[in-house]
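In: Please work out how this folds:
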Amino acid sequence: MFSNYLIGLREGLEASLVVCILIAYLVKTGHKDRLGPLWLGVGLAAALSLGFGAALEFGTEQLTFEAQEAIGGSLSVIAVGLVTWMVFWMKRTARHLKAELHGKLDAALAMGTGALVTTAFLAVGREGLETSLFVWRSVKAAGDGAGPLVGVLLGIGTSVLLGWLFYRGALSINLAKFFTWTGGMLVVVAAGVLAYGIHDLQEAGFLPGILTKAFDISDTIPPDSWYGTLLKGTLNFQPDPTVVQLVVWVLYLLAVLTLFLAPSAAKGRSGQGESADRRPASAAADAQG
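Out: Numbers count the residues shown, from 1 in each chain. Have a look, this model is predicted:
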């Protein structure tokens, strides 16, 4: 449940901050009357994300077991790729996100209402589609039941609350550190989803080695025990992984965490990082200034 809460929190907060920045800029520049098209774009993006998630959930029910496993495994790999790209993208561009969104919004305002709707739709829609895909695969990996989905919804609800507090100026945190810590934890979650996807592809016959286990500690950590369920829900832990699963998990985790935690080249430039890290959290001050 925790891993799914983390996904909902991390992905939802990014979308919330984007919306917060867009709203604050419209208010600050005297375009409060254009908030309607902005919210329309946000609503369309949310609807698309929900529709995409529903299609993933119900669109594969009538397929054969092998087809379901092949599709699920392939989407797991795609989801992990997207999330990996996202955490590196946010690490690289977080300090410039506000200026980038302002530039796009200026261009959209000059072009008209349709462009404003499209800008908001694209800004939020990308986050929504990534979230839908990764959440779907993470929930599948964590097992059936309401727990994983509840975790996601709680995470998204928390992110909406934090976004509102940022906008109202009631909360200020170091967003660079927040995204670094949550990004690192999300990489660990993604490694588990990737291993789960590899197992799906093995069951579908796309990859060999389904019967070659790296180890089996099911007697020590039974999957149906409370601690086995906890490990599966938080880390996608499997007590009897195949050799291929374990190798992929280790290689991904070591490579991605090493690159992600490496110091950024721009981190030490003229002390700008600390002030810029807090820019999205000062949206209320910008709007009222």
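In: quick one: residue 83 and residue 191 touch, right?
Out: No. Assessed by C-beta atoms under 8 Å, residue 83 is found out of contact with residue 191, at 10.5 Å. All C-beta atoms are positioned from the backbone trio N, CA, C, and that covers glycine.
In: can you confirm residue 239 is in a strand?
Out: No. Read with DSSP: H, G, I helix; E, B strand; the rest coil, residue 239 is coil and lies in no strand.
In: More neighbours: which of residue 83 and residue 191?
Out: residue 83 (26 against 23; other C-beta atoms under 10 Å).
In: Could you measure from that one over to residue 56?
Out: Going from residue 83 to residue 56 by C-beta to C-beta, to the nearest Å gives 15 Å.
In: Repeat that for residue 85.
Out: Relative to residue 56, residue 85 is positioned 19 Å away (C-beta to C-beta).
In: These two: which has the busier surroundings?
Out: Neighbours per residue, other C-beta under 10 Å: of residue 85 and residue 56, the larger number sits with residue 56, 18 against 11.
In: got a pLDDT number for that one?
Out: At residue 56, the model reports a pLDDT of 76.
In: That one touches residue 131, doesn't it?
Out: No. At 11.8 Å, residue 56 and residue 131 do not qualify as touching, with contact defined as C-beta under 8 Å.
In: show me where pLDDT drops low in the stretch 51-200 of the chain?
Out: The stretch 51-200 of the chain contains residues with pLDDT under 70 at 60, 94-95, 97, 138-148, 169-175.
In: Check which helix or strand residue 135 maps to.
Out: Assigned by DSSP states H and E, residue 135 belongs to helix 113-142.
In: buried residues in the helix or strand just after that helix?
Out: Using DSSP H and E, the helix or strand that follows helix 113-142 towards the C-terminus is helix 146-168. Neighbour counts over helix 146-168 (16 or more other C-beta atoms under 10 Å) mark 148-149, 151-153, 155-156, 158-159, 162-163, 165-167 as buried.
In: Next, the angle helix 146-168 makes with the helix or strand that helix 146-168 is followed by.
Out: Remark: after helix 146-168, the chain's next helix or strand is helix 175-203, criterion DSSP H and E. Using axes from the mean of the first three to the mean of the last three C-alpha atoms, to 10 degrees, the direction of helix 175-203 lies 160 degrees away from that of helix 146-168.
In: residue with max distance from the center of this protein?
Out: Ranked by distance from the centre of the chain (C-alpha atoms, centre = their mean), the top residue is residue 219, with 33.9 Å.
In: Could you look up the SS state of that one?
Out: coil.
In: where does it land on pLDDT?
Out: At residue 219, pLDDT is 88.
In: Please tell me how far it sits from residue 109.
Out: Per C-beta to C-beta, residue 219 is found 64 Å from residue 109.
In: How about residue 225?
Out: Look at residue 225 and residue 109: by C-beta to C-beta, they are 57 Å apart.
In: Same check on residue 184?
Out: Residue 184 sits at a distance of 37 Å from residue 109 (criterion: C-beta to C-beta).
In: For stretch 178-192, list the C-alpha coordinates in CSV.
Out: Below are the C-alpha coordinates for stretch 178-192, written out as CSV (Å, rounded to 0.1, in the frame of the first residue of the first chain):
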residue,chain,number,x,y,z
PHE,A,178,11.4,16.2,-1.7
PHE,A,179,11.6,15.1,-5.4
THR,A,180,15.1,13.6,-4.8
TRP,A,181,13.9,11.5,-1.9
THR,A,182,10.6,10.4,-3.4
GLY,A,183,12.4,9.9,-6.8
GLY,A,184,14.9,7.5,-5.1
MET,A,185,12.1,5.6,-3.4
LEU,A,186,10.1,5.5,-6.7
VAL,A,187,13.1,3.9,-8.4
VAL,A,188,13.0,1.1,-5.9
VAL,A,189,9.3,0.6,-6.5
ALA,A,190,9.9,0.7,-10.3
ALA,A,191,12.5,-2.1,-9.9
GLY,A,192,9.9,-4.3,-8.3
